[in-house]
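only geometry, no sequence info:
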């Protein structure tokens, strides 16, 4: 009933049409673990410099997050990303990436990380993702995220790790990029054919499609009047989704669909403020209340009931 | 329990990545009426030239479609549109528009058209839409479609007719164009504030959002592996949606949501072939079967049931 995430802990500089922030806490593993901790204990495996101190580590405090797997490299700096969004908040423009400690990151799973219920390989070099898999025991579910950069530069490595995992998260444009198919459904099926049980396609403000066992589940995004900062939306979605799944005994389709909705709920909160500010403020009650709003948003009756 | 549509009957030349057709039957009123006729009797008010003969009129035959409101102008040609789609099938490029008989179209509602249950003003000049409204009796529901061209060139006329109707269909880009809001939800609320009860926002392959009484209903599009020709998708959606509504005694929210799904079902069939070829081939059973698939696609349980 636990989850391990391997990925980045970072500082972000973000500019949106609604404001900017120069040194906010970010990173896929950070967003993921805080989101997942609403549902299940999480262990984080990552690396920081000594600029990521006690004050910054408070982001994980007061939650069921084990940070013993976060290595601190003395005299080095934490991974840094600078991004900008225009009014089309679906697209981030990367203005600067400083790998810093991340350049030599060799993830090491300690005893506590080796046998989680769920293992999440956040977006890092697919060769590293494969190495992590070799160190892991037998998690019930291994999930993978990636990005256009690795599809472009390390597709063979990515396919190798894809053949060893159960579930992949990917965004819509990456499905087309990976598969070479203009049609999203055809592209998704081509990726499943590599040997993945479940494919979760993220479509930003249009929601999510989950492909599983020849069935498709479509969930909309929560309709927000104010999207303030989309940074981390994909990772908080993954955190809510996999965190909920890790908390369940059986990974049935019913549970997987609920998990998609919980992921969408947590992501919808996350984009309402900069960095993890909104995630820090919400409670499990907030999450359950918005879950019910998702039901009201999507529910419709069979036509036979009154036809 | 009937519906009247005022709009174009046309010939289309269409090119998609999957093929092309030089003179296919098209037009908003044509797509709309065939789609609506699966649910309710329809009357069409439009105009054609004498190139739209008995052979072409067969598109309406064998259905509960009254064509007495289709005026035929001797010696003149039918409205013609030439469009092209790339692999992004969401965007049509207009290559040619020949208004022909449509240039002088003055819609006249006969006795049979004046008091339908539902009146649909398909995309034509908003001044004409307003004139039609003056001729109409008191339909239970008046619905309106428009396009970017009228928002750009006749916004005041459009707003005038908008203040006299109940329901508006509009696509996502047009919401942003009309409202000047980057955020779709804010933009939709600004349009509702003009005095419309229900706004239906069409998002192509991403489905539909319906805004009604401070509530939002989100329906995905049916996931298709092969979208052959998107022409008429919006009008067949409107036909299924409003056709179903016109067939109901009470326009409750439950019925409106069902109607959105029926509209989505009919539109999803329509894009599977050129022109109205697919609509001509399907039955009410096909529609009901895909309605059930929409339920399977979107349904998820409340988390309390097993949590």
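Nice, thanks for sending it over. In this text, all values refer to a predicted model and were calculated from it rather than measured experimentally.

how far does the helix or strand containing residue A:152 sit from its chain's centre?
Using DSSP states H and E, the element containing residue A:152 is helix A:148-153. Going by C-alpha atoms, centre = their mean, to the nearest Å, the spacing between the C-alpha centre of helix A:148-153 and its chain's C-alpha centre is 18 Å.

show me what it is packed up against.
Contacting helix A:148-153 under the criterion 3 or more C-beta pairs under 8 Å, 6 or more residues apart in numbering or on different chains; DSSP states H and E are the following elements: helix A:155-162, helix A:172-179. C-betas here are computed from N, CA, C, even on glycine.

pretty sure residue A:182 contacts residue A:175?
No: between residue A:182 and residue A:175 no contact is recorded; they are 10.5 Å apart, counting by C-beta atoms under 8 Å.

these two: which is more packed in?
Taking residue A:182 and residue A:175 together and counting by other C-beta atoms under 10 Å in any protein chain shown, residue A:175 has the greater number of neighbours (27 against 14).

around chain B, which positions in the stretch 101-250 of chain A sit nearby?
Those residues of the stretch 101-250 of chain A that sit near chain B, judged by C-beta under 8 Å from any C-beta of the partner chain, are A:182-186, A:189, A:203, A:205-207, A:209, A:215-220, A:223-227.

give me the subset of those residues lying in helices.
By the criterion of DSSP state H, membership of those in helices covers A:184-186, A:189.

between those residues, which is closest to residue A:265?
Taking C-beta to C-beta as the measure, residue A:184 is the one of these closest to residue A:265, at 23.6 Å.

isn't that closest one right next to residue A:172, touching?
Yes: using C-beta under 8 Å, residue A:184 is in contact with residue A:172, at 6.2 Å.

show residues contacting the lowest-mean-pLDDT helix or strand in chain A.
Taking mean pLDDT, DSSP states H and E as the measure, helix A:111-114 is the helix or strand of chain A with the lowest mean score, a mean of 82. For helix A:111-114, contacts defined as C-beta atoms under 8 Å, 6 or more residues apart in numbering or on different chains pick out A:4, A:43, A:45, A:66, A:68-69, A:135-137.

so after the longest helix belonging to chain A, what's the next helix or strand?
Among the segments of chain A that qualify as a helix by DSSP H, the longest is helix A:253-270. Tracing the chain C-terminally past helix A:253-270 and defining elements by DSSP H and E, one meets helix A:277-281 next.

give me the helices and strands touching that following helix, please.
helix A:28-36, helix A:253-270.

in the stretch 1-150 of chain A, which residue sits nearest chain B?
Closest to chain B within the stretch 1-150 of chain A is residue A:87: 3.9 Å, counting by C-beta to the nearest C-beta.

what about that residue, which helix or strand?
Following DSSP H and E, there is no helix or strand that holds residue A:87.

gap between the spatially closest residue to it that is not a sequence neighbour and residue B:245?
Computed as C-beta to C-beta, 6 or more residues apart in numbering or on different chains, the closest residue to residue A:87 that is not its neighbour in sequence is residue B:182, at 3.9 Å. For residue B:182, the distance to residue B:245 equals 31 Å [C-beta to C-beta, to the nearest Å].

what does the average pLDDT come to for the next helix-or-strand element following the least confident helix or strand of chain A?
With elements assigned by DSSP H and E, the helix or strand that comes after helix A:111-114 is strand A:118-121. Averaged over strand A:118-121, pLDDT sits at 97.

neighbouring contacts of the following helix or strand past strand A:118-121?
Per DSSP H and E, the first helix or strand lying C-terminal to strand A:118-121 is helix A:126-135. Counting by C-beta under 8 Å, 6+ apart, helix A:126-135 makes contact with A:6, A:45, A:105-109, A:114, A:119, A:121, A:142, A:144, A:146, A:150, A:154, A:157-158, A:160-161, A:164-165, all of which sit outside it.

and with 6 Å instead?
Outside of helix A:126-135, the residues within contact range by C-beta atoms under 6 Å, 6 or more residues apart in numbering or on different chains are A:6, A:107, A:109, A:121, A:150, A:154, A:157-158, A:161, A:164.

and residue A:154, how many neighbours does it have?
Summarising burial for residue A:154: neighbours were counted as other C-beta under 10 Å, giving 16.

swap that for residue A:87, sorry
11.

again with residue A:214
Neighbourhood size, residue A:214 [other C-beta under 10 Å]: 7.

can you pull the pLDDT of it?
Confidence for residue A:214, expressed as pLDDT, is 90.

how about residue A:257?
Predicted confidence (pLDDT) at residue A:257: the value is 98.

could you find the closest non-adjacent residue to it?
Among residues not flanking residue A:257 along the chain, residue B:300 sits closest, at 4.0 Å (C-beta to C-beta, 6+ apart).

contacts for stretch A:205-221?
Around stretch A:205-221, the neighbours that count as contacts under C-beta under 6 Å, 6+ apart are A:188, A:192, A:198-202, A:257, A:260-261, A:264, B:206, B:218, B:220, B:223, B:297-298.

so where's the stretch 201-307 of chain A shaky on pLDDT?
Counting by pLDDT under 70, the stretch 201-307 of chain A contains low-confidence residues at A:304-307.

can you show me the strands along it?
A:208-212, A:215-219 (DSSP state E, counting those that start in this stretch).

relative to strand A:208-212, how tilted is the last one?
To tie it back to what came earlier, the one meant is strand A:215-219. Strand A:215-219 and strand A:208-212 are oriented at 160 degrees to each other (axes from the mean of the first three to the mean of the last three C-alpha atoms, to 10 degrees).

next, the buried residues of strand A:215-219.
Taking 16 or more other C-beta atoms under 10 Å in any protein chain shown as the neighbour-count basis, strand A:215-219 is seen to contain the buried residues A:216-219.

now do stretch A:97-107
A:100-102, A:105, A:107.

how far does it stretch from start to finish?
End-to-end distance of stretch A:97-107 (C-alpha to C-alpha, to the nearest Å): 20 Å.
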